[in-house]
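Asks: below are the sequence and a predicted model; questions follow.
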Amino acid sequence: MLRGNRQRKVVMMLATALLALTMSTSGVIAAGSKEGPSTRVIDGELYVKASLVPDVIKKVSPSVVAIIGKPADEKNASRFALSHGTGVFVKSDGWIVTNAHVVQDMERIVVVTSDGKEYTGTRKQIDPASDLALVKINAKGFKPAKLAAAPLKVEVGETVIAIGTPVSFSLRNTATVGVISGMNRSVSSDYNLLQTDAAINPGNSGGPLVNLKGEVVGINSMKFVDVDIDSMGFAIPADTVRYVLDHFDKYGKVKRASLGLELEESWSAVVGLPTEEPMTVLEAASPNARKVGISAGDQLYSVNGKQVSTNVELNELLKAFLPGQTVNVTLLSDGDLVTRKLVLSEYSGH
């Protein structure tokens with residue numbers, strides 16, 4: 001028979017176990033509790049992570065739209081000759097971010113919101129280098145999604161949710177769940193991408209990849225497709241999205257800085273091996289580069305003291321600069337390691 005302090009300890013242990021069971025089934029813990037490994041604070045309330053997915057989907061779905069392109073000539077075109085994708089509101093007055101490849105060839109854009117209402121969309125800005133674009137509808141009162149803060153803080157294994165319009169337009173606002181599979185991936189892209197195993201199918205492009213706080217950590221962009229490949233999707237990170245949207249807002253386009261050099265990556269970099277090998281200058285394409293004596297055959301080691309071995313690393317670094325600003329470039333030229341002050345040119349590719 002239990003007596004005194006020992007009895008009270010057993011009662012407390014049973015009460016604690018009952019409280020833990022209640023938390024795991026109800027999902028919500030007392031407001032003001034601290035966030036922990038298995039919990040997350042949202043709007044001042046602490047949630048058990050296992051219960052977060054439906055809450056996040058409900059929170060973010062009103063910000064997600066389906067985008068479809070109708071044929072320019074419906075009489076002579078097949079009624080099924082349609083292209084479609086996904087977008088997400090970034091402003092309450094009808095501004096939508098999506099992928100450039102979703103809307104760049106659309107002639108008649110129709111946007112369908114999560115409540116089934118249709119709006120005519122207008123392509124406003126497009127940036128193929130980042131694969132991002134802005135579409136506008138003439139309406140207000142929408143719920144914009146919240147972009148994750150920059151610099152983006154995610155980790156491999158973190159739960160994420162993709163929301164979009166896969167395969168068929170009738171499947172809009174489909175949600176799939178997975179994890180961040182990898183970061184800083186460069187896969188046929190000018191910038192780093194996030195890798196995820198959340199199912200991303202044709203039509204998901206342009207939709208949000210969100211964390212358990214309901215923040216957009218990326219815009220779904222592409223996937224590897226092959227009979228031997230499973231669950232390899234990629235998203236444009238939120239900090240690149242912020243960079244592009246800020247430039248759209250300030251300049252109407254992305255004023256992308258460039259060294260004005262045509263560069264070749266090392267063999268190790270091309271095949272994806274870790275490397276510190278420099279890139280080789282194939283051509284000094286800009287007058288600014290030629291003016292400071294950079295020529296074909298020089299090897300580029302660093303920009304402003306930061307080592308760069310791939311074009312993606314260089315592009316990520318140059319997001320912090322504008323054309324006309326000056327950087328220090330360190331190169332191996334005629335056997336000597338030299339540093340030149342180079343005025344950045346405006347990128348003219350794509």
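Replies: Yes, it's here.

Asks: all contacts plus neighbour counts: C-alpha atoms, from now on.
Replies: Noted.

Asks: how about the helices in this protein?
Replies: Taking DSSP state H to define them, one finds helices in the chain at 4-26, 52-60, 100-103, 238-251, 267-271, 287-291, 311-318.

Asks: how about residues contacting the third one?
Replies: Same thing as helix 100-103. Helix 100-103 is contacted from outside by 69, 83-86, 109, 123, 126-128, 130-133, 205-206, using C-alpha atoms under 8 Å, 6 or more residues apart in numbering.

Asks: among these, which are in strands?
Replies: The strands, defined by DSSP state E, take in 69, 83, 84, 85, 86, 109, 123, 126, 127, 132, 133 from the contacts of helix 100-103.

Asks: in the sheet, who's paired with the fifth one?
Replies: Going back to what we said before, that points to residue 86. On the basis of DSSP bridges, residue 86 takes part in beta bridges with residue 66.

Asks: please name the residues that touch the residue lying closest to residue 307 once chain neighbours are set aside.
Replies: Nearest residue to residue 307 in three dimensions, chain neighbours excluded: residue 301, at 5.7 Å (C-alpha to C-alpha, 6 or more residues apart in numbering). Residue 301 makes contacts with 277, 278, 279, 307, 308, 309, 329, 330, 331, 332, as judged by C-alpha under 8 Å, 6+ apart.

Asks: touching, the fifth one and residue 316? I think so.
Replies: No - under the criterion of C-alpha atoms under 8 Å, residue 308 is not in contact with residue 316, lying 9.9 Å apart.

Asks: more neighbours: those two, which one.
Replies: Using other C-alpha atoms under 10 Å, the more surrounded residue of residue 308 and residue 316 is residue 308, with 21 against 14.

Asks: who are the neighbours in contact with the more buried one?
Replies: 276, 278, 279, 300, 301, 302, 314.

Asks: also residue 122?
Replies: Counting by C-alpha under 8 Å, 6+ apart, residue 122 makes contact with 109, 135, 136, 137.

Asks: what pairs with the second one across the strands?
Replies: In this case it means residue 135. Under DSSP bridges, the beta-bridge partners of residue 135 are residue 96, residue 123.

Asks: ok, it - how many residues close by?
Replies: Neighbours of residue 135 (other C-alpha under 10 Å): 25.

Asks: how near is it to residue 242?
Replies: With distances taken as C-alpha to C-alpha, to the nearest Å, residue 135 is found 16 Å from residue 242.
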